[in-house]
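Participant: model this:
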Amino acid sequence: MTHWFHRNPLKATAPVSFNFYGVATTPAATKVCNDLRLSRTRLLELFTDSSCNPEMMKNATDLYFSLLQGFILSLDDSSQECKLRYIQNFKWTDTLQGQVPSAQQDAVFELVSMGFNVALWYTKYASRLAGKEDITEDEAKDVHRSLKIAAGIFKHLKESHIPKLITPVEKGRDLEARLIDSYIIQCQAEAQEVTIARAIELKHNPGLIAALAYETANFYQKADQTLSSLDPTYAGKWRKYLNLKTCFYMAYAYCYHGQTLLASDKCGEAIRSLQESEKFFAKAEALCKEYGETKGPGTTARPSGHLFFRKLGSLIKNTLEKCQRENGFIYFQKVPAEAPQLELKANYGLVEPVPFEFPALNAHWTPETLAAFDLTKRPKDDTAKPKPDEEVKPLKEPDIKPQKDSGCQIS
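Facilitator: Numbering: from 1, shown residues only. Model (predicted):
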């Protein structure tokens, strides 16, 4: 398969000790705080551990989020707010805006920020796996599922938890609807790339492949349009990726649509479809160069040197030459001046996000444990807050060496 995907950096966060000396008045309350600190530290370590797999990630996220829910959920299932929700300050950076952190004294902010990073991890895991030279069928399924899981997490955060934040989301920040929507759509588009690769490998009907490629190009175009009102300083590189993938899959769509037309003895129209495919491929090639030259957050790569890119170029060239030969020997049809309109609808293979829910409240959270937190004993200077000059260090993400046939390096 060997795909290449653009990836923005992970979010970074300030350390959180969960040390509520004097406030946590019993061993059970202290243990919950210790477990929160340890499970949070462990989860952050796994984000940058190249040996981490989805099972390890799920176990770590379930543990941390089930404990964190005790700061958010009411134990009696009432609509009343948990008294611990605003006890701790949390600091997080953004994927696009570098190491400029946002801070909120709100456990829901921690829930959605950490959840966002978990979704990003699934996209990065998929990217690493998809870039392998000889990916197995099971690994391809893992890539496909991981991207759908990521889309599901982003969707759940947007619909169910971000609206609960007390402090409005700042424009251009990760939790804003434009960015979340772009991440969701990109995950769906990339999962469909895996579907297309599978359909090509199994030599499915060219009409189905053309329709899937057209739908995928539309996904990428929609994601790009969603980012169009953001500052290009931050979103420019990401948008170049979305643009080049739009052109790339339009080239795919016209190429396979040309094969469908040829099989229907419409050789002149097939040639025109292949010529349009060539145009989109040339646009994608130019955008590859622009992508490499554009500064900004995200992957450093030479996508035009990647196997998935080179393969399509050869396919278009060979198919067009075949159509021209057939037309010269058999059909003698006129090549239309206008490219055929693609009105393709895929009935199979379209990707939907996998529904996601945060885990249930950890069993250690009992009414007695919650009651053991005495907020009247909080220190007046509120030492739970990070110091103003506390540095939020970027996460050191694993280096991914380029495979022999990839021509790129993915971070």
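Participant: for the protein, what helix or strand is lowest in average pLDDT?
Facilitator: Between all helices and strands in the chain, the lowest mean by mean pLDDT, DSSP states H and E belongs to helix 307-326, at a mean of 81.
Participant: ok, residue 280 - contacts?
Facilitator: Contact criterion CB atoms under 8 Å, 6 or more residues apart in numbering gives 247, 248, 250, 251, 254 as the residues in contact with residue 280. Just so you know, the C-beta spots here come from the backbone N, C-alpha and C atoms, and that holds for glycine as well.
Participant: what separation do you get for residue 324 and residue 209?
Facilitator: With distances defined as CB to CB, to the nearest Å, the gap from residue 324 to residue 209 amounts to 21 Å.
Participant: meant to ask about residue 356
Facilitator: If you measure residue 356 against residue 209 using CB to CB, the figure is 30 Å.
Participant: now do residue 106
Facilitator: 47 Å.
Participant: higher neighbour count, the two?
Facilitator: In this comparison of residue 106 against residue 209, neighbours counted by other CB atoms under 10 Å, the higher total goes to residue 209 at 26 against 21.
Participant: list the buried ones in stretch 122-140?
Facilitator: 122-132, 135, 140 (16 or more other CB atoms under 10 Å).
Participant: select from these every entry located in helices.
Facilitator: Taking DSSP state H, the ones among the buried residues of stretch 122-140 that sit in helices are 122, 123, 124, 125, 126, 127, 128, 129, 130, 140.
Participant: surely the last one is in contact with residue 194?
Facilitator: Yes - using CB atoms under 8 Å, residue 140 makes contact with residue 194 at a distance of 5.8 Å.
Participant: residue 163: how many residues sit nearby?
Facilitator: 10.
Participant: actually residue 101, not the one I typed
Facilitator: For residue 101, which is what you asked about, the neighbour count (other CB under 10 Å) is 19.
Participant: mind checking how far it is from residue 49?
Facilitator: Spatial separation of residue 101 from residue 49 under the definition CB to CB is 23 Å.
Participant: dump the buried residues of stretch 122-140 to CSV, plus pLDDT and distance to residue 265.
Facilitator: Conversion of those to CSV gives the following (pLDDT from 0 to 100; distance: CB to CB, whole Å):
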residue, pLDDT, distance to residue 265
122, 98, 46
123, 97, 43
124, 95, 47
125, 96, 46
126, 95, 41
127, 92, 42
128, 91, 45
129, 92, 42
130, 88, 38
131, 82, 40
132, 81, 41
135, 85, 37
140, 92, 35
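Participant: return the member of these nearest to residue 277.
Facilitator: Each of the buried residues of stretch 122-140 was scored against residue 277 by CB to CB, and residue 130 proved nearest at 23.5 Å.
Participant: excluding chain neighbours, give the residue nearest to the closest one in space.
Facilitator: Closest residue to residue 130 apart from its sequence neighbours, by CB to CB, 6 or more residues apart in numbering: residue 3 at 4.2 Å.
Participant: for the one you found, give me the pLDDT.
Facilitator: You'll see residue 3 listed with a pLDDT of 77.
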